[in-house]
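K.L.:
What would the 3D arrangement of this be:
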Amino acid sequence: MRLSLYPFLPEDIVSSLDQIGIRTDFDLLFSSTAIDIVRRLPPGTISIQDLKHFTAQIIEESSALGVRGDALLALERAKQEQQLDFASGVTDLDALLNGFGGSRIFEVSGEKASGKTVS
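P.N.:
Modelled structure (predicted):
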């Protein structure tokens with residue numbers, strides 16, 4: 001992915017970063033420190049402070065929202081406690097499909113003697 005801040009970065013800075021091999025967000029964030037990047041750029045291209053500001057914007061824009069583990073666990077438990085529309089009687093299959101019913105179509109297929117009719 002090309003530098004995601006391209007519309008916000010001056011074209012000369014993007015060009016200078018490109019010349020030293022920084023072409024993507026990943027390159028900018030993980031190739032080296034801000035000080036090392038500024039040292040490799042032509043003098044006066046960008047200040048360390050401005051580069052840190054731009055990298056902070058990239059981090060903020062590309063980060064996923066945090067989700068608490070206890071909230072995810074509560075959702076999983078709620079799913080498990082739901083009454084199944086129609087259970088097959090095969091515990092693993094019922095856990096996988098969360099029961100039969102609703103507006104879904106299920107096709108159980110497999111080789112002969114693979115356990116399709118397990119009861």
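K.L.:
any chance you could map the helices in this structure?
P.N.:
11-19, 25-30, 34-40, 48-62, 69-81, 91-97 (DSSP state H).
K.L.:
now those in TSV, with mean pLDDT and distance to residue 112?
P.N.:
In this view, the C-beta of every residue, glycine as well, is placed from N, C-alpha and C. Putting those into TSV (pLDDT from 0 to 100; distance: least, CB to CB, whole Å) gives the following:
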stretch	mean pLDDT	distance to residue 112
helix 11-19	89	60
helix 25-30	89	50
helix 34-40	95	63
helix 48-62	88	50
helix 69-81	81	33
helix 91-97	77	19
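K.L.:
Rebuild those helices as CSV, extending it with distance to residue 115 and mean neighbour count.
P.N.:
Shown next, in CSV, are those (distance: least, CB to CB, whole Å; neighbours: other CB atoms under 10 Å):
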stretch, distance to residue 115, mean neighbour count
helix 11-19, 57, 15
helix 25-30, 45, 15
helix 34-40, 58, 15
helix 48-62, 45, 13
helix 69-81, 23, 9
helix 91-97, 10, 13
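K.L.:
Contact partners for the residue positioned nearest the centre of the chain?
P.N.:
Centroid-nearest residue in the chain: residue 64, 6.5 Å away (criterion: CA atoms, centre = their mean). Not one residue lies near residue 64 by CB atoms under 8 Å, 6 or more residues apart in numbering.
K.L.:
same thing with residue 40?
P.N.:
Going by CB under 8 Å, 6+ apart, residue 40 touches residue 20.
K.L.:
on that earlier part again, out of the helices of the chain, nearest to residue 108?
P.N.:
helix 91-97 (8.2 Å; CB to CB).
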